[in-house]
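Engineer: sequence plus the predicted model coming up.
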Amino acid sequence: MKKDGHTHTELCPHGSGDSTAKMVEKAIELGFSDYCITEHAPLPKRFASEFRGNPEGLETASLKWSQLEDYFELCENLQKKYGDVINLKIGFEVDYLPGFEEDIRQFLNEYGSRTQENILSVHFMKGTANGFWCVDYDTTEFANGFSDFLADPQNLYQRYFELIQQAVLADLGKYAPQRIGHMNLIKKYQDYFELPAKFANNNLELLSNILNTVKEQSRELDFNTAGLYKPYCNEIYPGNQIIQLACAKNIPFVFGSDAHAIAEVGRGYHLTDFIETLDRK
């Protein structure tokens, strides 16, 4: 099986606008047998009142609630059109937001039965003014939101991983996502802010505990190559340390290009050989 488990659509407000059908056709051309469409799920309606960052970052983060039926129609039509040549699955990349667990659970209870695979990710974290800020919008947002933590980057990492821990422990109902997205997204701007490449021992211990929970829950991890192509990241998500910890615990990875454009579909798939090398050790 050759699978791209993390991709987006023409409806994504921060995407390229490329045709989703053309993206599926690119996956078929590259020999993929499975393709998961995992658009950003709408954020809880009351989340905006707790957001302190750039309004554009919030506005372009996800689908609007009014787009949900358009999204399902688009994806279900693609399943019908290409189902004979590729196993196309529909789902969401769902944001974990502390304090909004009930909102997330209600969303999944309502729409989860129409999905086949979902991803749980953390794109927002509390920072300046005790509000939420985007972790991955741009360097200005990152500096404004997390300036208090940049003097101690390991503390910054710890805060993010504590959110990941809350995410995997949260009761999100019967349709809780089975895959954890880009676990080290907090390092997207590591080169710009000169963040440490390695996690300190206390963070490795925290990560190990998180991964134990992931294993107990029979969940998967996103092997996301998008970070390698980000100008200030230059690293696969979730990075070598987490990959090695997860492989030692026999936690499965699912390749994800995180494609937002035709040219990005399947990008970096050959790097999955790294996991196979670790598994053989």
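Structural biologist: Structure's in. What do you need?
Engineer: ok, residue 215 touching residue 252?
Structural biologist: No. Here residue 215 does not reach residue 252: they are 9.5 Å apart, not a contact under Cβ atoms under 8 Å. Using the backbone N, CA and C atoms, a C-beta is placed for each residue, glycine as well.
Engineer: which residues are in contact with both of the two?
Structural biologist: The overlap between the contact sets of residue 215 and residue 252 (Cβ atoms under 8 Å, 6 or more residues apart in numbering) is empty.
Engineer: what's the average pLDDT for stretch 266-281?
Structural biologist: In this model, stretch 266-281 has a mean pLDDT of 78.
Engineer: now the nearest residue to residue 44 once chain neighbours are set aside: phi and psi?
Structural biologist: Distance criterion Cβ to Cβ, 6 or more residues apart in numbering; nearest residue to residue 44, sequence neighbours excluded, is residue 103 at 3.7 Å. With angles defined as degrees, to the nearest 10, residue 103 sits at phi -60, psi -40.
Engineer: burial measure for residue 103, as a count.
Structural biologist: Neighbourhood size, residue 103 [other Cβ atoms under 10 Å]: 15.
Engineer: ditto for residue 245
Structural biologist: 18.
Engineer: before we move on, what about residue 202?
Structural biologist: By other Cβ under 10 Å, neighbour count at residue 202 equals 13.
Engineer: buried stuff in the helix or strand hosting it?
Structural biologist: Per DSSP states H and E, residue 202 falls inside helix 201-216. The neighbour-count check on helix 201-216 (16 or more other Cβ atoms under 10 Å) flags 203, 206-207, 210-211, 214 as buried.
Engineer: before we move on, what about stretch 54-69?
Structural biologist: By neighbour count on 16+ other Cβ under 10 Å, the buried set for stretch 54-69 is 54, 57-58, 61-63, 67-68.
Engineer: one step back: could you export the helix holding residue 202 as PDB, CA atoms only?
Structural biologist: The C-alpha trace of helix 201-216 is given here as PDB (Å, rounded to 0.1, in the frame of the first residue of the first chain):
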ATOM      1  CA  ASN A 201      15.600  15.300  28.600                       C
ATOM      2  CA  ASN A 202      12.500  16.500  30.400                       C
ATOM      3  CA  ASN A 203      10.800  17.000  27.100                       C
ATOM      4  CA  LEU A 204      11.900  13.600  25.900                       C
ATOM      5  CA  GLU A 205      10.400  12.100  29.000                       C
ATOM      6  CA  LEU A 206       7.100  14.000  28.300                       C
ATOM      7  CA  LEU A 207       7.200  12.800  24.700                       C
ATOM      8  CA  SER A 208       7.800   9.200  25.800                       C
ATOM      9  CA  ASN A 209       4.700   9.400  28.000                       C
ATOM     10  CA  ILE A 210       2.600  10.800  25.200                       C
ATOM     11  CA  LEU A 211       3.700   8.100  22.900                       C
ATOM     12  CA  ASN A 212       2.900   5.400  25.400                       C
ATOM     13  CA  THR A 213      -0.600   6.800  25.400                       C
ATOM     14  CA  VAL A 214      -0.700   6.900  21.600                       C
ATOM     15  CA  LYS A 215       0.400   3.200  21.600                       C
ATOM     16  CA  GLU A 216      -2.200   2.200  24.200                       C
END
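Engineer: quick one: average pLDDT of that helix?
Structural biologist: 98.
Engineer: over to stretch 102-114?
Structural biologist: Regarding stretch 102-114, the rounded mean pLDDT is 98.
Engineer: just how off-centre is that stretch within its chain?
Structural biologist: 18 Å (Cα atoms, centre = their mean, to the nearest Å).
Engineer: quick one: end-to-end distance for stretch 54-66.
Structural biologist: From the first residue to the last, stretch 54-66 extends over 22 Å; the measure is Cα to Cα, to the nearest Å.
Engineer: what residue ranges in the chain score low on pLDDT?
Structural biologist: For the chain, the stretches with pLDDT under 70 are 276-281.
Engineer: which stretches in it count as helices?
Structural biologist: For the chain, the helices defined by DSSP state H occupy 20-29, 55-59, 68-82, 101-111, 139-150, 153-169, 190-193, 201-216, 240-248, 273-280.
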